[in-house]
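# Model the structure of this input:
(2 chains)
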Amino acid sequence: MRSFIIAALSILLVVTAIWGFSQYRQKQELFIEAENGYQQAFHELVYQVDVIHDRTGEALAMNSKENLTPALTDVWRLTSEAHNAISRLPLGFMPFSKTEEFLGSSGDFTYKTAVRDLDNEPLSDKEYEQLKTLYSQAADIQKELRTVQMSVLDKNLRWTDIAHATADGDEPTDNTVIDGFNTLENKATEFSEANVFEAGQTQKTVSDDALKRLTGEKITKKEAELIAKEYFGVDPEVTTVEKSLKGAAIPFYNVSVIGRKGEEASMDVTEKGGYPLTFTVNRTIEKKKISLHDASQKAAAFLKKQGFDNMVMTNSTQYDHTGVFTFTTKQGDTIVYPESVTIKTALDNGGITGLEAQNYWKNKQTRQIEKPALTPDEAKKKLHPKLTVMEEQLAVVTNEMGDDVLCYEFLAENGTASYRIFINAKDGKEERIEKLAEAEAGY
Amino acid sequence: MRKWKQAAFVCIVSILLFTAHHAGAFSNQVIQRGAEGDDVIELQARLQYTGYYRDQIDGVFGWSTYWALRNFQESFGLPVDGLAGTATKRKLEQASKYDESYVKSQIRKGRSFTYYGGADTTAQSVNSPAGFSQNDIQLMANAVYGEARGEPYEGQVAVAAVILNRISSESFPNTAAGVIFEPGAFTAVADGQIWLTPNETAKQAVLDAINGWDPTGEALYYFNPDTATSEWIWSRPQIKKIGQHIFCE
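As a prediction, this is how the structure comes out:
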């Protein structure tokens, strides 16, 4: 008996050892696989910055426009690849946003200059200066990255170790990589503070300034509660009212309420003036009882009651048992797209289950809309000849530069797809073109 | 024996009544662009029968259905408003035939059919917001569920909104997958919780965020103040606290 137990235990031991060893090997394999991915991303990044540096250097010396465009396009492509490489590195533990921002704005700058017809509009002196700065900054980044690369190769540093150590909150044993990237980030911060790419920099989608200009008396917590209750409809119980924190664009109250059947809802109301910013209700929506059309009329009535004047519906979509609508300000015969709100209606009882108005308040202003310089027919001539125009109207839209411009809006189709096209009503420029989304097939 | 005959008669009559009822099966609703469902299938089938609609019958009132309807209204002297109201529906019923059970069985099978003017049916479609596929939504729902399933609904919309704000920010990758799988960006990705099956609430939250809801006021980061290990995150300007998370710029 005893010998049997000994035999069984030793077999067990051998089996465990084999199992353990294969586990260890598998772990090692995965570990190496992950490490290789990181190494690839890192060395690619260094290479791409090298080439960005070289190519901008060449572009600076170029006199012919035929060569300049390909060089700029190349830099644009490389910035995007470098950006991609960074996003594959385990740098989540440290701030690295300035370097990425630098790559992003260099990309914008080179894109805008590359797509431009440089024969008609050659690089301005300022742009030439910007290109020069890009060159010297790429050199700085290249130098830092090379230093890091050197120590990574020299000391056989592993990205996986660094990532694990920092994720656990420990100091990694070798700080070269982190120090190197920190220096890089500091340099990039200097660049972005110097605002080199002012012209090319893409602003925040909408500035918060208009929010700060909203007028009205400061409201109290109690008043914020009342506004939220009114939006919710049936008398709910207020669970919490919190003030926004310091980083908010403007101070607001965040009110959470709970309805009789356990529906949770929350709403942000500005402290000054009590304007609704965002409102959502979460509840189970039962079987559809009312049509999308009726729901949109309920939404329109609700907006009117809440003081959103002169709004027309510009989009409507049904998602299961919810209708989602966009309403936009109409001034005279012109649609003002920047001033839009999104509103949600439940299709079981027609109740409003959400309102999003932050962009509306950021764009709301009294506008002097000038007369269009082009006639609709002149604008239509700017369209692709194969397009059939189905609808047209005047509209204000925000263009790529962030300016609000008066346009003719054309809804057109070419037999296979539908498009929304905005032609500037002043100079006929094609400001924006969107392919309109069709439903996605179920699988 | 007579009882049997009677029963059979009742049976036949009710079948006849039933199919007769289905010949004009439009419900009373005014059908509007963006709608989904049976009325839209019928609308598309009838528009196709009359030759105005050439796309797939998929049960979603999209742009091509909208143009077809407007063209139909124009040719039949109806007010051109792109809404299928009472008058338009009656005109359509007069001008076309509709075999509901046949069309629907084809749709269920996801099979092409050529009964009405040669166009195809497809498996019933769903509306998806511009720029995002159902699979993108699913992936984001996974992330939201993994990161914030215990949070209030607003907090789940907020996490989805942060993902979207990152996609449009220069400092982050430009795709949902790029943002979600950026190493170290989300704890749910690091510890594998992202592969839990998300519930409807998480999906709803993602849909709301894509449709424009942003309870965070354009936040790019969030953290749980009880468990955050990074000191740097505390230096970001904080916008709002929702549930366990502080959202910051």
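
# Okay, domains of chain B per the record?
Using automatic domain parsing, the domain ranges for chain B come out as B:2-109, B:134-248.

# between those, which gets nearest to chain A?
Across the domains of chain B, chain A has its closest neighbour in domain B:134-248 (2.0 Å, Cβ to the nearest Cβ). From N, CA and C alone the C-beta is placed, and that goes for glycine too.

# Show me how far that closest one is from its chain's centre.
Relative to the mean C-alpha coordinate of its chain, domain B:134-248 is positioned 22 Å out (Cα atoms, centre = their mean, to the nearest Å).

# Quote the end-to-end distance of that domain.
End-to-end span of domain B:134-248 (Cα to Cα, to the nearest Å): 29 Å.

# if we can go back for a sec, which of the domains of chain B is buried the deepest?
With neighbours taken as mean count of other Cβ atoms under 10 Å in any protein chain shown, the domains of chain B reach their highest mean count in domain B:134-248, at a mean of 20.

# returning to what we had before: lowest mean pLDDT across the domains of chain B, which one is that?
Within these, confidence is poorest for domain B:2-109, with a mean of 77 (mean pLDDT).

# and it, how far out from the chain's middle?
On the basis of Cα atoms, centre = their mean, domain B:2-109 sits 21 Å off its chain's mean C-alpha point.

# Nearest to the spatial middle of chain B, which residue is it?
By Cα atoms, centre = their mean, chain B has its centre lying nearest to residue B:127, at 3.2 Å.

# thought that residue was touching residue B:35?
No. Under the criterion of Cβ atoms under 8 Å, residue B:127 makes no contact with residue B:35, lying 9.0 Å away.

# which residues do the two both contact?
Counting by Cβ atoms under 8 Å, 6 or more residues apart in numbering or on different chains, the common neighbours of residue B:127 and residue B:35 are A:318, B:60.

# my read is residue A:371 is in a strand, agree?
No. When classified by DSSP: H, G, I helix; E, B strand; the rest coil, residue A:371 is found to be coil rather than part of a strand.

# Check what contacts stretch A:284-296 and list those residues.
Applying Cβ under 8 Å, 6+ apart, the contact partners of stretch A:284-296 are A:298, A:313, A:316, A:318, A:320-323, A:325, A:345-350, A:353, B:27, B:29-32, B:34-35, B:37, B:83.

# Tell me how far the helix or strand residue A:22 falls within lies from the chain's centre.
Secondary structure from DSSP states H and E places residue A:22 in helix A:2-61. Distance of helix A:2-61 from its chain centroid, counting by Cα atoms, centre = their mean, is 34 Å.

# Tell me the buried residues in whatever helix or strand comes next after that helix?
Counting by DSSP H and E, the element after helix A:2-61 in chain order, helix or strand, is helix A:65-87. Across helix A:65-87, burial judged by 16 or more other Cβ atoms under 10 Å in any protein chain shown covers A:68-69, A:71-87.

# Would you map the strands across chain A?
Secondary structure of chain A by DSSP state E: the strands cover A:237-243, A:252-258, A:264-270, A:276-282, A:311-319, A:322-331, A:334-346, A:352-356, A:388-398, A:404-413, A:418-424, A:430-435.

# Those strands: lowest mean pLDDT?
Comparing mean pLDDT over the strands of chain A, the weakest stretch is strand A:237-243, at a mean of 83.
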